[in-house]
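Chemist: Have a look; sequence and predicted model below, questions after that.
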Amino acid sequence: MKRGRLPLTALRSFEAAGRLESFTLAAQELFVSQAAISRQVRELEALLGKPLFTRHHRKVLLSPDGVQLLETLATAFDSIDARLEDIRAKETVALLTVNAEPSFAGCWLVPHLADFRALHPGIDVSIESEARLIEFRGNEAQLAIRHSAQATAWPRSQARRLCDVAMVPVASPVILADTPLKTPQDLLSHTLLHEENRDVWTRWFAAAGLTPGAERMRGPIFADCALALQAALRGHGIALVDSVLARDDLDAGRVIQPFDLSVPQGAYFLVARDFDLLPPEAKAFADWMTACFAAPYT
């Protein structure tokens, strides 16, 4: 018999009735009427041209052909059930969407993402890189990473402080090899790289006890810290950057911090609509981020 013509409903009814030796119990198991079970079995018997049951007043017994068919069906149905359960039980890959500001996404999150994946291979992370503050609606990210110079909370959301931010001067070793820096005053003989405006460099020099004029503060202005750091890596000048984002380059010696002096610039926060209601994959990511910044990260 061709597979497309197999009477699957009738076979299912017969298997239940034969296994339970009762049309009534089969009907209860399959959530149909007893009459429906009886009709399906009769149609199967008519198709085969052989009786599958011997019917008595209060019970039914399998005929020899019925016993053989039941054995085949029981084995087949058990195999199908086991395979379906295996498929259902397999670990599925969860997709987590995280929204991060471009500088943090490029300089910290992407370089460290492999560490998270090593701990949670069943979770794929989709990174959205944009500066706007998301509302955690619809298909938006489950988590966001935000920097703020002053704010510590955002409307209709919860925030966890990850770490404070300190702005430090960094330069390519090539620059410092040619003209070593001995005092903060020496920085003014180099091109200064600025993020957004010249205010942070002004604050840094003030902390160093210097008040250079506007002419001596000239230099390129970049939209974010990541761009200023890239310019410093290529020897275009000396940048004042977020120490969190520059940490990997500092540790690897790609840039050097000539002076320990820094100025505070707010903090990073992990933000969610409600941390208690996060799905498992988002909670795993939140716990990982918290652990990463558990110790002072400067």
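Modeler: Arrived safely, thanks for sending.
Chemist: Wait, Gly106 touches Ala226, no?
Modeler: Yes: Gly106 lies in contact with Ala226 (C-beta atoms under 8 Å); the separation is 4.9 Å. Placement of C-beta: from N, CA and C, glycine included.
Chemist: Tell me how far stretch 140-153 lies from the chain's centre.
Modeler: Computed by C-alpha atoms, centre = their mean, to the nearest Å, the separation of stretch 140-153 from the middle of its chain amounts to 17 Å.
Chemist: so what are the domain limits for this structure?
Modeler: Domain assignment of the chain by automatic domain parsing yields the ranges 3-89, 94-162+266-292, 166-265.
Chemist: would Ala267 count as being in a strand?
Modeler: Yes: with DSSP: H, G, I helix; E, B strand; the rest coil as the criterion, Ala267 is part of a strand.
Chemist: Not counting sequence-adjacent ones, nearest residue to it?
Modeler: Excluding the flanking residues, the one nearest Ala267 by C-beta to C-beta, 6 or more residues apart in numbering is Asp164, at 4.9 Å.
Chemist: Turn the domains of the chain into CSV, columns for mean pLDDT.
Modeler: Putting the domains of the chain into CSV (pLDDT from 0 to 100) gives the following:
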stretch, mean pLDDT
domain 3-89, 89
domain 94-162+266-292, 90
domain 166-265, 91
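Chemist: Make CSV out of those domains and add mean neighbour count.
Modeler: Putting the domains of the chain into CSV (neighbours: other C-beta atoms under 10 Å) gives the following:
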stretch, mean neighbour count
domain 3-89, 15
domain 94-162+266-292, 16
domain 166-265, 17
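Chemist: Over to Asp164. Which of the three states is it?
Modeler: When the structure is reduced to helix, strand and coil (three-state DSSP), Asp164 reads as strand.
Chemist: if I look at it, how far off is Gln150?
Modeler: Here Asp164 is placed at a distance of 13 Å from Gln150 (C-beta to C-beta, to the nearest Å).
Chemist: Which neighbours do those two have in common?
Modeler: Gly266 (C-beta atoms under 8 Å, 6 or more residues apart in numbering).
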